[in-house]
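Undergrad: 3D model of this:
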Amino acid sequence: MSHSGGLLCRTCGRSYDPSRDTMEKPAMARISLTPPSTLLNRIGAWYSRRTYGKVLDPGLAIGHNGRVLLTYVRQERGAAKWNRLDRGLKHLAVMAAAARINCSWCMDFGHWEADALGLPMDKISKVPRWRDHQDAFTGLELLVLDYAEAMTETEPRVTDELAATLIERLGEAAFVELTAMVALENYRSRINSAFGLTSQGFSDTCAVPSRT
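TA: Next up is the predicted model:
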């Protein structure tokens with residue numbers, strides 16, 4: 001949908017002008033999205049259409065290697081059962097990591113997931129530039145966002161103080177889950193970014209603003 005010369009995301013309500021985006025994006029995926037027609041890939045495509053309404057590009061890309069795809073699916077199914085960390089905090093951490101890596105596909109899908117979870121779109125849309133919108137987040141949410149970014153940096157910049165504060169606020173079990181979720185999103189985002197995957201339209205053409 002056009003808006004002031006750009007696009008308007010109907011999910012998050014944020015306008016985006018591609019002409020102002022300085023992040024280099026590939027013209028197309030760097031790997032074929034037509035994997036071998038194996039039983040595993042056919043089952044995966046069926047499940048993806050049933051669950052998400054379309055076949056997810058990451059699954060198509062990874063589908064060129066069946067063993068990697070099986071490991072990926074098992075990991076995701078296992079992570080979906082983690083329940084010691086508040087789901088809203090978990091999703092903010094995931095979005096912050098994806099935004100830091102500038103994974104367009106992950107941010108697009110992340111907005112769709114947030115909407116499905118009933119999270120406020122106005123808050124989610126501010127995650128890529130959360131430091132400029134700190135009044136939109138609670139103190140604990142700011143700590144989680146900072147931790148997710150700190151873990152995602154190369155080299156990670158997690159401090160003893162930040163970790164200790166989060167352990168005190170969340171407890172050790174939830175802190176472990178937070179750390180694992182940020183690491184998992186780094187895995188997802190870096191794979192998708194390296195493959196050259198971009199928005200699949202889950203959030204109606206939402207994209208990641210370049211960091212300034």
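Undergrad: state the distance from P156 to D135.
TA: 27 Å (Cβ to Cβ, to the nearest Å). Every residue, glycine included, has its C-beta placed from N, CA and C.
Undergrad: please name the nearest non-neighbouring residue to R100.
TA: T152 (4.5 Å; Cβ to Cβ, 6 or more residues apart in numbering).
Undergrad: pretty sure the one you found contacts L184?
TA: No. Taking contacts as Cβ atoms under 8 Å, T152 lies outside contact range of L184: 11.7 Å.
Undergrad: look at these two and report which has more neighbours.
TA: Set T152 next to L184 and count neighbours by other Cβ atoms under 10 Å: T152 wins out with 22 against 18.
Undergrad: residues contacting the more buried one?
TA: 96-97, 100-101, 182, 186 (Cβ atoms under 8 Å, 6 or more residues apart in numbering).
Undergrad: now the residues you listed in CSV, with distance to L60?
TA: Formatted as CSV, the contacts of T152 follow (distance: Cβ to Cβ, whole Å):
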residue, distance to L60
A96, 26
A97, 23
R100, 25
I101, 20
V182, 25
N186, 21
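Undergrad: of these - the most surrounded one?
TA: Neighbour max across these (other Cβ under 10 Å) = A97, 29 neighbours.
Undergrad: what helix or strand does that residue sit in?
TA: helix 87-101 (DSSP states H and E).
Undergrad: ok, now L119?
TA: Short version, using DSSP H and E: L119 is in no helix or strand.
Undergrad: got it, and the one 3 residues further on?
TA: Remark: D122 resides in helix 121-124, with elements defined by DSSP H and E.
Undergrad: buried set for that helix?
TA: 121, 123-124 (16 or more other Cβ atoms under 10 Å).
Undergrad: now stretch 29-41
TA: Neighbour count says stretch 29-41 has 29, 31, 33, 35, 41 buried, by 16+ other Cβ under 10 Å.
Undergrad: work out which residue lies at the spatial centre of this structure.
TA: C106 (3.8 Å; Cα atoms, centre = their mean).
Undergrad: quick check: closest non-adjacent residue to it.
TA: A98 (3.7 Å).
Undergrad: before we move on, what about G59?
TA: Counting by Cβ to Cβ, 6+ apart, the residue nearest G59 is G44, at 5.4 Å.
Undergrad: what count of nearby residues applies to the one you found?
TA: Neighbour number of G44 under other Cβ under 10 Å is 23.
Undergrad: tell me the contacts of it?
TA: With the criterion set at Cβ under 8 Å, 6+ apart, G44 makes contact with 55, 59, 63, 69, 73.
Undergrad: centre of the chain to the helix or strand harbouring the last one, how far?
TA: With elements delineated by DSSP H and E, V73 resides in helix 66-79, which encompasses its position. Mean-position distance between helix 66-79 and its chain equals 17 Å (Cα atoms, centre = their mean, to the nearest Å).
Undergrad: tell me the buried residues in that helix?
TA: Buried residues in helix 66-79 (16+ other Cβ under 10 Å): 66, 69, 72-73.
Undergrad: just stretch 110-128 next, same as before
TA: So, applying 16+ other Cβ under 10 Å, buried residues of stretch 110-128: 110-115, 119, 121, 123-128.
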